[in-house]
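>>> fold the following.
(one chain, ligands or ions: 1)
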Amino acid sequence: MTRTLTALAALAVACLATAAEAQMRQPQGPALMVRAGNLFDSEAGRMVGPRDLLIRGELVVEVGQGLAVPDGAVVVDLSRCSVLPGLIDGHTHILMEQAQGQPLSQVAAIDAGIEGDALRALSGAKRGREYLDAGFTTIRDLGNSGRFLDLQLSRGFAEGRVPGPRLYGSGPGLAPAGGQMEPLPHDPHHLVGAEYRIVTGPDDARAAVREAVAAGAWVIKVYPEATPQRTRLSVAELEAVVDEARRHGVPVAAHATSDAAIREAVMAGVTSIEHGYEVSDETLRLMARKGVYLVPTDPSLEMAQEFSAGWTPRPPVAEIEGMLAGPRERFARAHRIGVPIAMGSDLYMPYGPGRGHGSRATLTAYVESGMTPAEALQTATWNAGRMIGDDRLGVLRPRSFADLIALPLDPTQHLDALKDVRLVMRGGRVEKLDLERVCGG
Ligand SMILES: [Zn+2]
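Numbers count the residues shown, from 1 in each chain. Predicted coordinates for the structure are as follows:
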């Protein structure tokens, strides 16, 4: 083939690709008209009354009042319901479960050596269903997921092989020596390396970011410190992680609990601080100035009671309240100082009501710490969507994902309304529907 012909052929292929791409970006598929009785505006943080949402394919096309129903569109009558964007849990571990008191190395040994990836993925799929049922249509999964099993599960959910939420995964977290395992003098089966990407210098930190990006990670998870280990990443390693992630347009989530580690991560330019239990006011002010998110993985009273149900003797409520005082106090300080807050449950323990219910209960923890219900709902919609960095998430407006939930009661009045999710839609597809009575009609 001559050079001209080759060039023409290449151009033709390019044009085809462009046309196909443009077509893919156009909302396609049958139209749905959702008549919402009372819609939550996640950006403003309030219910705005009745709204119609025209949905085509997986996207919202139009939002307004009294919209005309296009020919052939199916009408979904939610006129007696409160309708919100599908909820987002900004910190999950869908592929891990650790019983209280169980060493992490034992969990890893079971996952890697006894159960294996297939069984582990099936457990993850089951939890995915639990998130959907509780109204969580998106999760940001932050490691403890083997070698990129999270990204494979994400694809399985996206392709509809099994039902599940949108999963924005990190792959193995970038950690200092030992990861989060208890010190292991002998690790013949490389359990640490099976769950963490151990970083050994700034250049290696950059390589680790590229490995994650190449595997399809949406976010880089980094451990500036990794208790119960005493090891820490150097500032140069942290800066290399953040700089390389920025070059690739990927946000960075930093696990940090001590004020010193939080401060180093914030100075390095991470997107979010996970946990942040011991953060000082000074560091919180820096976070507010730089727009760094705090993801407070705090249990509510309901969750703490569930976790301690098996203890003997069972602790009285006053004792549990005492244990929750520290996290609540730091939450209130962060909120008062104006740090952006995104919801994350960090639930990796067995939880009777199911993972999604733990995520819902985490929102109640935020109200127990001083937020209004509407503010708490924003942390799991608008704020979490902005933190993940996908404009289509956490909001219902033209070109956003048609991810929504419908409830009989108004959750901005009381978060208990979230205990009764009657309809869950993900990308225009109904994933859960209480056929009996959609909203008490
Ligand atoms: Zn976590």
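>>> mind telling me what element Ala309 is part of?
Here Ala309, judged by DSSP states H and E, is contained in no helix and no strand.
>>> what about the nearest residue to it once chain neighbours are set aside, how many neighbours?
Take Ala309 and drop its neighbours on the chain: the residue closest to it by C-beta to C-beta, 6 or more residues apart in numbering is Gly352, 7.8 Å away. C-beta here means a position set from N, CA and C on the backbone, and glycine is covered the same way. Neighbours of Gly352 under the rule other C-beta atoms under 10 Å: 9.
>>> please apply the same query to Lys432.
18.
>>> what do you get for Ala68?
10.
>>> next one: it from Asp52, what distance?
9 Å (C-beta to C-beta, to the nearest Å).
>>> quick check, Arg206 in contact with Ala240.
Yes. The pair Arg206 / Ala240 is scored as a contact, 5.2 Å apart, by C-beta atoms under 8 Å.
>>> which of those two has more neighbours?
Neighbour totals were compared for Arg206 and Ala240, and Ala240 leads with 24 against 18 (other C-beta under 10 Å).
>>> which residues sit in contact with that one?
Counting by C-beta atoms under 8 Å, 6 or more residues apart in numbering, Ala240 touches Pro202, Asp203, Ala205, Arg206.
>>> save those as JSON lines, and put in pLDDT, distance to Gly358 and secondary structure too.
Converted to JSON lines, the contacts of Ala240 look like this (pLDDT from 0 to 100; distance: C-beta to C-beta, whole Å; DSSP: H, G, I helix; E, B strand; the rest coil):
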{"residue": "Pro202", "pLDDT": "98", "distance to Gly358": "37", "secondary structure": "helix"}
{"residue": "Asp203", "pLDDT": "98", "distance to Gly358": "39", "secondary structure": "helix"}
{"residue": "Ala205", "pLDDT": "98", "distance to Gly358": "32", "secondary structure": "helix"}
{"residue": "Arg206", "pLDDT": "98", "distance to Gly358": "35", "secondary structure": "helix"}
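>>> which of the residues you listed has the most neighbours?
Most crowded among the contacts of Ala240, counting by other C-beta under 10 Å, is Ala205 at 27 neighbours.
>>> sec struct for Val60, please.
Assigned with DSSP: H, G, I helix; E, B strand; the rest coil, Val60 falls in the strand class.
>>> that one - how many residues pack around it?
Counted with other C-beta under 10 Å, the neighbours of Val60 add up to 25.
>>> Pro188 too?
Using other C-beta under 10 Å: Pro188 sits among 6 other residues.
>>> please begin residue numbering at 10 from this point
Understood, numbering begins at 10; the last thing we discussed is Pro197.
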